[in-house]
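>>> quick one: sequence plus predicted model below, questions after.
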Amino acid sequence: MVTRYEHVAIEFSSLISRGILRPGDRIPSVRKACVQYHVNASTILKAYGQLEARGLINARPRSGYYVRAREAVWAPEPVTSSPRPGSTRVDVANLVFEVLASIKDRAIVPLGSAFPSPEMFPLEKLNKIAAATARRLPTWSSIDDLTPGNAELRRLIGLRYLESGLAVSADDIVITSGAMEAINLCLQSVTRAGDTVAIESPTFYSTLMAIERMGLKAVEIATHPREGIDLRSIRVALDKYDIKACIFNPTFQNPLGSCMPDDNKRELVGLLARYGVPLVEDDVYCELYLGDSRPRPAKAFDREGLVLHCGSFAKCLAPGYRIGWTAPGRFKEAVERLKFMTTLATASLPQAAIAEYLKHGGFERHLRKLRHSLSVQLESMRQGLERHFPAGCKITRPEGGYMLWIELPRAVDALRLHRLALEKHISVAPGPIFSAKRSYSNCMRINFGHPWSKAIDDAVKTLGTLTAELMCSGNV
């Protein structure tokens, strides 16, 4: 005889197997299911427990129950990078500007973009809050919000740090005009022209351009596509080179999507503390995790004030508002002075609007929806690449962010592929712009931060065809 909870479990199992409930869909809450099936809460909890045990659903804290993603059939992963040894001057800005020249063209399918779709953000609600905030903005806000920035916004950011186990007060935070200003200010506060800094390999091209602008040299560190910085490689580099600072993106790294495990972050921070080397931590993707919980930043393991943590609302809430921040530890005074000397202050209205949204706008609800959308889009992109790309390509398996790194067969020149794709109104980000030495000539970064559509599917199909043609011509 089938019990009541087994009956409920069988019904949901059928809905999942028939595709009516799809991976990432939320199933009814315990309360709603009780009403729907005319049973008590313990019956539903038993049914959901059985579905969890079978791997069909999973519970998310304070969110509910969701259909679990089916085990994906992924292409092979790239291996840990092996950059050429030695420090080098950086000269990539001209190449980056050439590659990104089409970034504003709406007719281009933006697979090479560094931004998610603006349609994924609550901009209408945020703009209404901004308009209301503007009407009651205090007369003296332009003075009160001078660097280090809006006191209420800094307090609210401090509360979010608490959720990661960090005690960061409002007085520890400097508001900036986006994360890139935060990173630039932090890097400038711990280095001088001619110094050597350690970077991931590959790394985000904006990091390379900051290093180039400041006249610094870079040492590229081997990086694993899933676990981030190779600790042995950074140890060797610290012994061999006079490294003045590191600038790493430990959580959902751009372009790899890698995320260092907590133990690795702890070991990295401890290692750098022994050498007295500051870490500028780029943590702009931390809210975009696709698992059950937000990873802890490297800053969580900092006991010496050597980690200069940089964050932003641009990737998770308000790209156009350009509000970032840094918690720069023992370098707070130096960063604050540099901010005051360069841009004086960050605009008052965007700071006040975001503070108001954080208090009343439903930020957590928005983030849950955003993470769900990214999870669905990642699966769509994975399936599209599986359908349309030739064998021999290696693809990363990110657990957050919205970037995929693809290692193409050696015969494929990614810069050539980029130029051919642009002729078809498709952008990609070729590998050489992510390296101080212009390495990764057969790699590219793909953005899955846009809702899947026929245009994107057609673009992926075209890229697959172009890749196959370049493989054939390269092997002739």
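Ah, there it is.

>>> next, the buried residues of stretch 154-173.
The neighbour-count check on stretch 154-173 (16 or more other Cβ atoms under 10 Å) flags Arg154, Leu156, Ile157, Gly158, Arg160, Tyr161, Ser164, Leu166, Val168, Ala170, Asp172, Ile173 as buried. In this view, the C-beta of every residue, glycine as well, is placed from N, C-alpha and C.

>>> which parts of the chain belong to which domain?
As given by automatic domain parsing, the domain ranges for the chain are 4-67, 122-360.

>>> tell me which of those domains sits most buried.
Highest mean neighbour count among the domains of the chain (mean count of other Cβ atoms under 10 Å): domain 122-360, with a mean of 20.

>>> ok, Trp74 - contacts?
Arg382, Ile395, Arg397 (Cβ atoms under 8 Å, 6 or more residues apart in numbering).

>>> next, the distance between the ends of stretch 93-106.
Using Cα to Cα, to the nearest Å, the end-to-end distance of stretch 93-106 comes out at 23 Å.

>>> buried residues, it. List them.
Leu95, Val96, Val99, Leu100, Ser102.

>>> just how off-centre is it within its chain?
Offset of stretch 93-106 from its chain centre (Cα atoms, centre = their mean, to the nearest Å): 21 Å.

>>> now swap in stretch 200-220 and tell me
With Cα atoms, centre = their mean, you get 18 Å for stretch 200-220.

>>> for it, list the C-alpha coordinates in PDB.
What follows is stretch 200-220, C-alpha atoms only, in PDB (Å, rounded to 0.1, in the frame of the first residue of the first chain):
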ATOM      1  CA  GLU A 200      46.500  35.100 -11.900                       C
ATOM      2  CA  SER A 201      47.100  33.600 -15.400                       C
ATOM      3  CA  PRO A 202      44.800  34.200 -17.200                       C
ATOM      4  CA  THR A 203      43.500  37.300 -15.500                       C
ATOM      5  CA  PHE A 204      41.000  40.000 -16.300                       C
ATOM      6  CA  TYR A 205      42.200  42.500 -18.900                       C
ATOM      7  CA  SER A 206      41.200  45.500 -16.800                       C
ATOM      8  CA  THR A 207      43.700  44.300 -14.100                       C
ATOM      9  CA  LEU A 208      46.400  44.200 -16.800                       C
ATOM     10  CA  MET A 209      45.500  47.700 -18.000                       C
ATOM     11  CA  ALA A 210      45.700  49.000 -14.400                       C
ATOM     12  CA  ILE A 211      49.200  47.500 -14.000                       C
ATOM     13  CA  GLU A 212      50.200  48.900 -17.400                       C
ATOM     14  CA  ARG A 213      49.000  52.400 -16.500                       C
ATOM     15  CA  MET A 214      50.900  52.400 -13.200                       C
ATOM     16  CA  GLY A 215      54.200  51.300 -14.800                       C
ATOM     17  CA  LEU A 216      54.300  48.000 -12.800                       C
ATOM     18  CA  LYS A 217      55.700  44.600 -13.900                       C
ATOM     19  CA  ALA A 218      53.700  41.400 -13.600                       C
ATOM     20  CA  VAL A 219      54.500  37.800 -12.700                       C
ATOM     21  CA  GLU A 220      51.900  35.400 -13.900                       C
END
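
>>> quick one: mean pLDDT for that stretch?
Here stretch 200-220 scores 97 as its mean pLDDT.

>>> thinking again about what came up before, now the domains of the chain as JSON lines including distance to Phe115?
Putting those into JSON lines (distance: least, Cβ to Cβ, whole Å) gives the following:
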{"stretch": "domain 4-67", "distance to Phe115": "23"}
{"stretch": "domain 122-360", "distance to Phe115": "6"}
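
>>> weakest of the ones you listed by average pLDDT?
Between these, the one with the least mean pLDDT is domain 4-67; it has a mean of 84.

>>> ok, Ile221 touching Ile234?
Yes. Ile221 is within contact range of Ile234, at 5.2 Å (criterion: Cβ atoms under 8 Å).

>>> find the residues that touch each one of the two.
In contact with both Ile221 and Ile234: Ala198, using Cβ under 8 Å, 6+ apart.

>>> picking up where we left off before, so which of the contacts of Trp74 is the most crowded?
Among the contacts of Trp74, Ile395 has the most neighbours (other Cβ atoms under 10 Å), with 21 neighbours.

>>> give the contact list for that one.
Contacts for Ile395 (Cβ under 8 Å, 6+ apart) come out as Trp74, Ala75, Pro76, Glu77, Pro78, Arg382, Leu385, Leu404, Trp405, Ile406, Glu407.

>>> phi, psi for Pro430 please.
With angles defined as degrees, to the nearest 10, Pro430 sits at phi -70, psi 150.

>>> that one contacts Val99, doesn't it?
Yes. Counting by Cβ under 8 Å, Pro430 does reach Val99; the two are 6.4 Å apart.

>>> return every residue with contacts to both of the two.
His418.

>>> now render the buried residues of stretch 93-106 as CSV, adding pLDDT and secondary structure.
Formatted as CSV, the buried residues of stretch 93-106 follow (pLDDT from 0 to 100; DSSP: H, G, I helix; E, B strand; the rest coil):
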residue, pLDDT, secondary structure
Leu95, 90, helix
Val96, 92, helix
Val99, 85, helix
Leu100, 84, helix
Ser102, 80, helix
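
>>> quick check: the farthest pair among the residues you listed?
The span of the buried residues of stretch 93-106, defined through Cβ to Cβ, is set by Leu95 and Ser102 at 14.2 Å.

>>> my guess is Arg296 is in a helix, correct?
No. Counting by DSSP: H, G, I helix; E, B strand; the rest coil, Arg296 falls outside a helix, being coil.

>>> show me what contacts it?
Counted by Cβ under 8 Å, 6+ apart, Arg296 has contacts Ser164, Gly165, Asp262, Lys265.

>>> one more time with 10 Å, if that's ok
Going by Cβ atoms under 10 Å, 6 or more residues apart in numbering, Arg296 touches Glu163, Ser164, Gly165, Leu166, Pro250, Thr251, Met260, Pro261, Asp262, Lys265, Arg266, Cys286.
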